[in-house]
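J.: Next input, structure requested:
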Amino acid sequence: MGRPLVAAAVLVALVAVSGVGGASAQQSPKRGGTLVIGTLMAGEPPCLNAYVDACGVPGVLDRGLTEVLAGAFEGKPDGTYRPTLISRASIVSRLPFTLVYHIRPEARWSDGVPVTASDFVFTHRAIAAHRPAFEYDPTFVRAIRALDQKTFKLVLREPFPDWRYLFRMVLPRHVLAGQKLESVWKDAIDNPRTGQLIGSGPFLVGSWARGKQLVLVRNPHYWGGHAAFLDRVVFRFLPVADIGEALRRGDVDMINPGSRILEEEAIELRHQPAPGIRVSTVPGGSIEHFDIRIGDGGHPALKSRLVRQALAYGIDRVEIARRIGELSYEDEAALQPLDSVVFPKSSPYYRPNWKDYRYRPARARQLIEQAGCRRGSDGIYSCGGQRLSLRLATVTGIEARARTLELAQAELRQIGVEVVPRYVLFDPFFDQVYGGDFDLALYSWGAGGSATWPGTTFECQQPDNPTGYCDRLVTRDLDQATRTIDDRRRTGLLNSIDVRLARAAPVIPLYQGVGLFARKATVRGVVPSGAGSNFTWNAENWWIER
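T.: Sure, this is the predicted structure:
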């Protein structure tokens with residue numbers, strides 16, 4: 001399949017596009033004010049230049065710099081994209097894959113200079129020179145050329161469905177040309193020659209008090225549908241032990257949801273409610289599942305599709321989701337079974353292709369017997385003379401995983417399958433998984449930004465296919481999906497693949513993780529999103545009710 005163009009893209013992306021204004025936000029009768037976001041002190045970046053890896057790119061992006069330096073598109077919490085600096089991008093050729101970008105006529109920098117094609121060309125050259133981890137692999141670009149001030153052409157070496165991921169932050173050529181990029185924007189995002197703040201988004205970096213807070217201020221010359229409602233957004237850096245209390249005290253207005261540690265603080269806020277604080281359950285950034293080892297190293301009986309289907313019927317995914325939801329969030333509706341392995345439930349393209357797998361122990365036993373297995377005097381089946389005893393591996397020290405394993409162990413015992421738990425440290429666990437030394441493995445995939453998931457995960461003879469599952473037609477279609485540009489055709493193809501995977505059952509999806517988003521009740525316009533999401537995507541629409 002070749003190396004992916006976007007180094008940072010992980011799973012499940014969805015590639016619909018909405019208008020630049022995004023979801024309409026209710027407007028406060030009194031605009032203005034300051035929103036303070038509690039943020040982990042340990043996550044404070046050492047500098048603000050996202051194109052220098054030493055600055056700690058993920059932390060920089062999580063702190064809203066895409067609202068200062070806008071990109072071609074911006075990701076939304078459901079995995080779709082909205083165009084920002086551009087009005088549209090047209091595919092004008094498929095061989096070679098060629099895009100023509102049309103920059104919004106009104107798009108301009110905060111100093112009044114128009115955003116032009118030369119900014120995108122300059123940004124690509126910076127990417128080629130510095131290889132920032134969050135951007136695309138520049139070697140996949142065959143050519144880039146400005147056609148006029150507001151139009152440019154990009155030619156890629158092969159078709160690329162994730163093309164909306166390109167140009168996540170665009171640089172201002174007119175202030176950076178001739179500068180050493182690694183030497184600028186240590187403490188501010190400004191014109192290095194004049195010290196004047198610079199940006200193309202609804203906010204600018206107003207100030208940064210290291211160890212205390214980073215302040216974004218409204219861009220008074222923002223060209224979008226409206227100027228930001230808020231005067232300021234403050235990212236206040238706090239010790240993790242103080243963040244929940246800071247929200248209770250009123251020192252901060254919201255907890256940045258981009259960290260699992262902060263979600264745990266939100267759990268405490270749900271356990272001990274505080275007046276005026278709302279804690280919302282939102283889709284999270286993980287897909288919990290069981291892998292079933294079909295290839296060498298796994299139990300021979302798992303090569304039988306009937307036995308794998310029996311495991312799927314023999315695990316009560318509804319009960320597991322409910323119990324794990326109670327464990328973390330005290331909300332029975334927080335988690336529901338996930339019935340797809342190609343799209344999360346938060347995706348507009350999600351189809352419940354695995355919905356038939358509900359807890360049916362009698363059906364599970366019937367399938368095992370159809371596979372030629374015979375039940376022993378202790379209630380455990382033997383298949384081909386080998387006891388159906390399965391090694392179930394998971395990472396040690398994670399309470400939700402331990403609870404899931406215990407529930408699955410008890411449920412599978414009822415259908416005549418013995419489960420032998422293996423709790424393993426993080427690194428050795430993945431060595432085992434990718435080495436094929438397991439029968440069942442419990443872990444999660446990350447849910448995030450690639451249009452071509454599941455990629456090579458289920459392809460024949462691939463090193464990143466831990467199950468060893470191989471279906472030549474599925475492999476063919478997975479390869480085609482990575483090259484299919486039309487959104488409707490690709491998502492339809494991925495759902496067709498999902499239907500075949502459901503029949504073959506090389507994995508068992510459990511649930512999409514959820515996160516907790518804690519904020520004051522007076523915070524408006526924020527679209528709650530889980531860990532890993534770009535929760536600032538519509539920051540211009542945030543406001544505080546007075």
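J.: in the longest strand belonging to the chain, what's buried?
T.: Using DSSP state E, we find that the single longest strand of the chain is strand 277-292. Using 16 or more other CB atoms under 10 Å as the test for burial, strand 277-292 gives 277-292. Every residue, glycine included, has its C-beta placed from N, CA and C.
J.: And the furthest pair within these?
T.: Greatest spacing in the buried residues of strand 277-292, by CB to CB: 277 and 292 (42.5 Å).
J.: Could you report the pLDDT at residue 161?
T.: Per-residue confidence (pLDDT) for residue 161: 87.
J.: And for it, the neighbour number?
T.: The burial count assigned to residue 161 is 21, neighbours taken as other CB atoms under 10 Å.
J.: For residue 102, give me its contacts.
T.: Contacts of residue 102 were listed using CB atoms under 8 Å, 6 or more residues apart in numbering, and they are 86, 87, 88, 89, 90, 150, 151.
J.: how about a cut-off of 10 Å?
T.: 83, 86, 87, 88, 89, 90, 117, 147, 150, 151, 152 (CB atoms under 10 Å, 6 or more residues apart in numbering).
J.: What helix or strand is residue 204 located in?
T.: For residue 204, the enclosing helix or strand under DSSP states H and E is strand 203-209.
J.: meant to ask about residue 311
T.: Residue 311 is part of helix 305-314, with elements assigned from DSSP H and E.
J.: hmm, back to that, which elements pack onto the following helix or strand past the strand holding residue 204?
T.: Per DSSP H and E, the first helix or strand lying C-terminal to strand 203-209 is strand 213-218. Packing contacts for strand 213-218, counted by 3 or more CB pairs under 10 Å, 6 or more residues apart in numbering; DSSP states H and E, involve strand 34-40, strand 203-209, strand 232-238.
J.: what's the strand holding residue 204 packed up against?
T.: Judged by 3+ CB pairs under 10 Å, 6+ apart, strand 203-209 is in contact with strand 213-218, strand 232-238.
J.: tell me which of the buried residues of strand 277-292 is nearest to residue 424?
T.: Closest to residue 424, out of all of those and judged by CB to CB, is residue 291, at 13.6 Å.
J.: Which strand residues bridge the closest one?
T.: For residue 291, the beta-bridge partners are residue 441, residue 507 (DSSP bridges).
J.: repeat for residue 91
T.: According to DSSP bridges, beta-bridge pairing links residue 91 with residue 99.
J.: How about the contacts made by it?
T.: Neighbouring residues of residue 91 by CB under 10 Å, 6+ apart: 97, 98, 99, 100, 159, 163, 485, 486.
J.: State the pair within those that is farthest apart.
T.: 100 and 486 (17.2 Å).
J.: When these two are compared, which one has more neighbours?
T.: residue 100 (15 against 12).
J.: Student question: in the protein, what's the helix or strand with minimum average pLDDT?
T.: Lowest mean confidence among the helices and strands of the chain (mean pLDDT, DSSP states H and E): helix 57-62, at a mean of 50.
J.: Please name every helix or strand in contact with the helix or strand following that one.
T.: Where DSSP H and E defines the elements, the next helix or strand beyond helix 57-62 is strand 73-75. With contacts defined as 3+ CB pairs under 10 Å, 6+ apart, the packing partners of strand 73-75 are strand 81-83.
J.: ok, and the closest non-adjacent residue to residue 236?
T.: residue 213 (4.6 Å; CB to CB, 6 or more residues apart in numbering).
J.: Leaving out chain neighbours, which residue sits closest to residue 210?
T.: The nearest residue in space to residue 210 (CB to CB, 6+ apart) is residue 44, at 7.3 Å.
J.: those strands in the stretch 351-500 of the chain, which residues are they?
T.: 374-375, 381-383, 386-387, 389-395, 418-424, 440-446 (DSSP state E, counting those that start in this stretch).
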